[in-house]
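Q: A structural model of the following input is requested.
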Amino acid sequence: MFNVPLGDGAELRPLEPWQAEEFIAHMDRARETVDPWVPWASVSTDLVSARATLQRYADLAARDAGRLYGIWLDGTLVGGTMFVSFDAAAGNCELGCWLEPAGQGRGLVTRAVRMLVDWAVHTRGMHRVEWRCRPDNIASSSIARRLGMRLDGVLREEYLYRGVRHDLEVWSLLASEADKNA
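A: Numbering: from 1, shown residues only. The predicted structure is shown next:
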């Protein structure tokens, strides 16, 4: 089985439909913290919807168009990271993440995302890695900064959340910059 140690009792591994029960238990712990930032948090509320979320990413992985990975801390799923989109032909991908409070403050997401950037650029030949987040999601923009990403700009009122439109920052890292920020 694929498993990448992140240190301090944490590991990164694929998050798949057969893990829906574990995923929904995690979402129940994480939803309040994650919901404003991750679109599928509010719709993964029971076993059927959780399995559907995981299946959507499994289908993306089968098409080489996205992937979903969980972060386990001492055997408990506490968050994850994903290729929201992955276009190998164009050389562009977008990364995202989420984390419940029990996993925060340990650098887990930064370490996990750094591994995904390295794989995307060096193994898959991606030219551009993007990161998108709301300007008020300071934790997410801080990860982008730690990874050496640059703020490309702001998509005004692009993200709809509970009937309110929010701006969305677009950060990026080019392949030529990836090794400088490893």
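
Q: Now do the helices in this structure.
A: 20-34, 47-62, 108-118, 138-146, 175-178 (DSSP state H).

Q: which stretch among the ones you listed comes nearest residue 74?
A: Nearest to residue 74, of all the helices of the chain, is helix 108-118, at 11.6 Å by Cβ to Cβ. C-beta here means a position set from N, CA and C on the backbone, and glycine is covered the same way.

Q: Between helix 138-146 and that closest one, find me the angle.
A: Counting by axes from the mean of the first three to the mean of the last three Cα atoms, to 10 degrees, helix 108-118 points 40 degrees away from the direction of helix 138-146.

Q: my read: residue 15 touches residue 72, true?
A: No - contact criterion Cβ atoms under 8 Å: residue 15 and residue 72 do not qualify, at 9.5 Å.

Q: Settle it for me: which of those two has more neighbours?
A: residue 15 (25 against 22; other Cβ atoms under 10 Å).

Q: Now do the same contact list for the more buried one.
A: Counting by Cβ atoms under 8 Å, 6 or more residues apart in numbering, residue 15 makes contact with 23, 54, 57, 68-70, 77, 80.

Q: Please identify which pair of the residues you listed lies farthest apart.
A: Pairwise distances among those were taken by Cβ to Cβ; the largest, 14.4 Å, belongs to 57 and 77.
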